[in-house]
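S.K.: sequence plus predicted model, see below.
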Amino acid sequence: MASSSIGSVRLSSAGLSRCRLTDAPVTENSDLRTHVASDLRLHPRVAYQGHFRHESAGAELAAELPSMPPFRRDYVGAISILDWDHRLPSQVLALRVYAYYTEDGLATGEEAFDDRLEEIGVRDRFPEFDVPDFEHLGADEAYEIEITPEGEVGRCRLTSAWRREISGDDAERSVVLTRESTQFNEVADANRDRPASLGDLEAVSWTPPCESQLSVWTLDVWYLLQFDGRVGSGRSFLVDLDADSVAAVRDFSVRAG
């Protein structure tokens, strides 16, 4: 088991705190919050500052997180790490959650975690600040959540590149559902002078509940309303393919390049 130490402070690949949610409304296979609660691991530079080292840290943090259900497959496990922000004292930490659908994937993730922890141990020398973090470990789903040292939860985002890999069938169906929706027709009626050159509805990204504040995964369909050559804006329709409906509508903006 790899470990890093300075003085009496130690971090092992097993994690500094292990605590289980009692009477949890979700299971390990259905929501990543249970994995955060049961196995929260700390970057050495987070541990040395004394953050989140108490026994119930994982459960307390998990209770503040938004819903994090899997995308079309159950989880077999996850690696949850409170990563440092390369500042001393730290100001905004990153909770990285790496989720896996298969035992082989989880084993590969654990090996990558141990390798990274060993690398950190070799390079972890004060006052040197160029110490690696745990970004870019391989996983089926990868999340980054902003956490203050006081435990306040900020922005949550899915960092997996596959979120923009949408099958033709899913893309076509989401566009059809959007076009037939009351929400889209209201937007289209209010923008009858919209230039045709702005294109049609476009499925652009899978959106997890932690980003949308919905209870389900949705497919984000964009309808561009303005574009000045550099910045565009419009309406985003979050389509629930299981319910055959538009679950929410929000604004979006995008910059060219």
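M.R.: Looks like it arrived, so ask away.

S.K.: tell me how far the helix or strand where residue 236 lies lies from the chain's centre.
M.R.: In this structure, residue 236 sits in strand 231-240 according to DSSP states H and E. Relative to its chain's centre, strand 231-240 lies at 20 Å (C-alpha atoms, centre = their mean, to the nearest Å).

S.K.: what residues sit buried inside the longest helix seen in the chain?
M.R.: When the chain is scanned for its longest helix (criterion: DSSP state H), the result is helix 103-123. By neighbour count with 16 or more other C-beta atoms under 10 Å, helix 103-123 contains the buried residues 105, 106, 109, 110, 112, 113, 116, 117, 120, 121. No exception for glycine: its C-beta is placed from N, CA and C like everyone else's.

S.K.: one more: stretch 79-98?
M.R.: For stretch 79-98, by 16+ other C-beta under 10 Å, it's 79-85, 90, 93-98.

S.K.: kindly report the same for stretch 169-180.
M.R.: Those buried within stretch 169-180 under the rule 16+ other C-beta under 10 Å are 171, 173, 174, 175, 177, 178.

S.K.: repeat that for stretch 52-68.
M.R.: Under 16+ other C-beta under 10 Å, the buried positions of stretch 52-68 are 52, 53, 57, 58, 59, 60, 61, 62, 65, 66, 67, 68.

S.K.: residue 225: which of the residues you listed is nearest?
M.R.: The closest of the buried residues of stretch 52-68 to residue 225 turns out to be residue 66 (C-beta to C-beta; 28.6 Å).

S.K.: hang on, isn't the closest one packed against residue 212?
M.R.: No. The pair residue 66 and residue 212 does not pass the contact test of C-beta atoms under 8 Å, sitting 9.4 Å apart.

S.K.: what helices or strands is the helix or strand encompassing residue 35 leaning on?
M.R.: Using DSSP H and E, residue 35 maps to helix 33-38. Packing partners of helix 33-38 (3 or more C-beta pairs under 8 Å, 6 or more residues apart in numbering; DSSP states H and E): helix 57-64, strand 77-83, strand 93-100.

S.K.: now do 6 Å
M.R.: On a contact count with 3 or more C-beta pairs under 6 Å, 6 or more residues apart in numbering; DSSP states H and E, helix 33-38 meets helix 57-64, strand 77-83.

S.K.: show me the contacts for residue 196.
M.R.: Going by C-beta atoms under 6 Å, 6 or more residues apart in numbering, residue 196 touches no other residue.

S.K.: pLDDT score for it?
M.R.: pLDDT, residue 196: 93.

S.K.: which residue packs closest to the residue nearest to the spatial centre of the chain, ignoring adjacent ones?
M.R.: When C-alpha atoms, centre = their mean is applied to the chain, the residue found nearest the centroid is residue 143 (2.4 Å). Distance criterion C-beta to C-beta, 6 or more residues apart in numbering; nearest residue to residue 143, sequence neighbours excluded, is residue 97 at 4.4 Å.
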